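S.K.: Pasted the sequence and its predicted model underneath.
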Amino acid sequence: MKLKLNLFAMLIFGLVYSCRTGADRNELKMANRDVAHELVGKVAAQNNDEIQTPVDRKIIRTGEIRFETRDVSKTEALITQSVKEIQGYISGDNVYNSEDRITHRMVIRVPADKFDELLEKISVNALKIESKTIDANDVTEEYIDVEARIKTKKELENRYRELMAKATTVEDMISIEKEMGTLRSDIESIEGRLRYLKDQVSQSTLTAEFYQRTGSSFSFGSKTGQALETGWKWLLAFIVGVIHFWPFLVIAAIIIFVSFRISRKNRSKKPV
């Protein structure tokens with residue numbers, strides 16, 4: 001990451017160096033060189049601090065648990081109350097009804113330090129756990145990189161303001177304003193990414209899916225009803241299929257009728 005930041009500082013130097021301010025070119029060029037050297041020095045110092053200081057790991061944790069429960073409503077109430085107690089919130093809530101069960105699916109955002117506590121409470125109250133998965137994504141490197149990019153770009157933005165104060169021509173002012181606008185857009189974009197990372201690190205996501213059985217997986221009455229319904233649908237499908245071939249059926253009927261009449265005539269003409 002040190003090489004990446006140093007290269008980024010060199011690019012900053014090229015960008016600042018290319019900016020014209022009009023009044024005294026030599027003086028501003030010297031100022032631009034000072035800006036670049038200062039930024040490179042700060043980046044190097046930051047790298048040294050990172051090496052000497054223990055890194056606070058930034059972990060995004062997500063989990064999913066699926067289990068059977070005796071009562072879906074009571075389990076939902078228990079999870080909702082537990083989430084409130086640890087100051088989390090429910091971001092998704094869906095209920096599905098099938099032939100033999102009611103399934104409830106809840107997506108929960110919970111403070112990262114309370115993730116294990118909630119997962120344990122849900123697991124203890126489950127009738128039968130079918131699956132449980134936990135994922136931990138280390139985004140420490142990206143987090144540090146994003147913070148460094150924001151800091152460096154803001155310092156560059158301040159230097160642009162200083163150059164703007166020294167600009168004496170409209171052309172120079174427009175040029176600096178254009179660069180500042182692009183830089184501000186970059187800063188806002190990177191800050192948005194940092195806010196997202198902070199939210200994901202501070203709030204873990206747990207998806208809890210639980211179900212309650214409502215009847216036997218095989219019921220004679222229900223299966224019989226399904227069989228009758230299926231047979232009726234097949235009969236209707238057969239009738240519709242036959243209708244599709246009605247021209248051929250009419251022609252076949254005519255041919256059979258004419259053949260039958262001719263056959264009867266021939267039999268009637270034969271001597272007894």
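M.R.: Yes, it's here.

S.K.: Can you give me the neighbour number for D116?
M.R.: D116 has 14 neighbours, counted by other Cβ atoms under 10 Å. (Glycine included, C-beta is placed from N, CA and C.)

S.K.: what about it, which helix or strand?
M.R.: Here D116 sits within helix 115-124, counting by DSSP states H and E.

S.K.: Can you tell me the SS state at the residue nearest to D135 when sequence neighbours are not counted?
M.R.: Closest residue to D135 apart from its sequence neighbours, by Cβ to Cβ, 6 or more residues apart in numbering: T62 at 5.0 Å. On the three-state scheme (DSSP: H, G, I helix; E, B strand; the rest coil), T62 is labelled strand.

S.K.: for T62, what are its contacts?
M.R.: Residues in contact with T62, defined by Cβ atoms under 8 Å, 6 or more residues apart in numbering, are 134-135, 137, 204-207.

S.K.: now the helices for this protein?
M.R.: Under the criterion DSSP state H, the chain carries helices at the ranges 2-17, 25-52, 72-85, 115-124, 140-166, 170-202, 220-244, 246-269.

S.K.: ranking those by mean pLDDT, which is last?
M.R.: Comparing mean pLDDT over these, the weakest stretch is helix 2-17, at a mean of 45.

S.K.: Run a quick neighbour tally on L118.
M.R.: 23.

S.K.: and the gap between the residue nearest to it when sequence neighbours are not counted and E117?
M.R.: Closest residue to L118 apart from its sequence neighbours, by Cβ to Cβ, 6+ apart: V110 at 5.4 Å. Using Cβ to Cβ, to the nearest Å, V110 is found at 9 Å from E117.

S.K.: Next: S263.
M.R.: 91 Å.

S.K.: ok, those two, which is more surrounded?
M.R.: Per other Cβ under 10 Å, whichever of S263 and E117 has more neighbours is E117, with 14 against 10.

S.K.: The residue nearest to L118 touches A208, doesn't it?
M.R.: No: counting by Cβ atoms under 8 Å, A208 is not a contact partner of V110; they are 10.7 Å apart.

S.K.: if we can go back for a sec, mind putting the contacts of T62 into a markdown table with distance to A165?
M.R.: Listed next are those as a markdown table, based on distance: Cβ to Cβ, whole Å:
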| residue | distance to A165 |
| --- | --- |
| I134 | 54 |
| D135 | 51 |
| N137 | 45 |
| S204 | 47 |
| T205 | 47 |
| L206 | 52 |
| T207 | 54 |
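
S.K.: Let me know the closest of these to I256.
M.R.: When the contacts of T62 are compared for distance to I256 (Cβ to Cβ), T207 wins out at 66.0 Å.

S.K.: For that closest one, give me its contacts.
M.R.: Contact analysis of T207 by Cβ under 8 Å, 6+ apart lists 62-65, 105-108.

S.K.: Just the buried ones among those, please.
M.R.: Neighbour-count burial (16 or more other Cβ atoms under 10 Å) applied to these gives 63-65, 105-108.

S.K.: Among those residues, list the two that are farthest apart in space.
M.R.: G63 and R105 (13.9 Å).

S.K.: I'd like to know how many residues surround E68.
M.R.: Counted with other Cβ under 10 Å, the neighbours of E68 add up to 15.

S.K.: That one and S131 touch, don't they?
M.R.: No: using Cβ under 8 Å, E68 makes no contact with S131, being 11.3 Å away.

S.K.: Who are the packing partners of the helix holding D116?
M.R.: With contacts taken as 3 or more Cβ pairs under 8 Å, 6 or more residues apart in numbering; DSSP states H and E, helix 115-124 sits against strand 59-68, helix 72-85, strand 128-138, strand 203-213.
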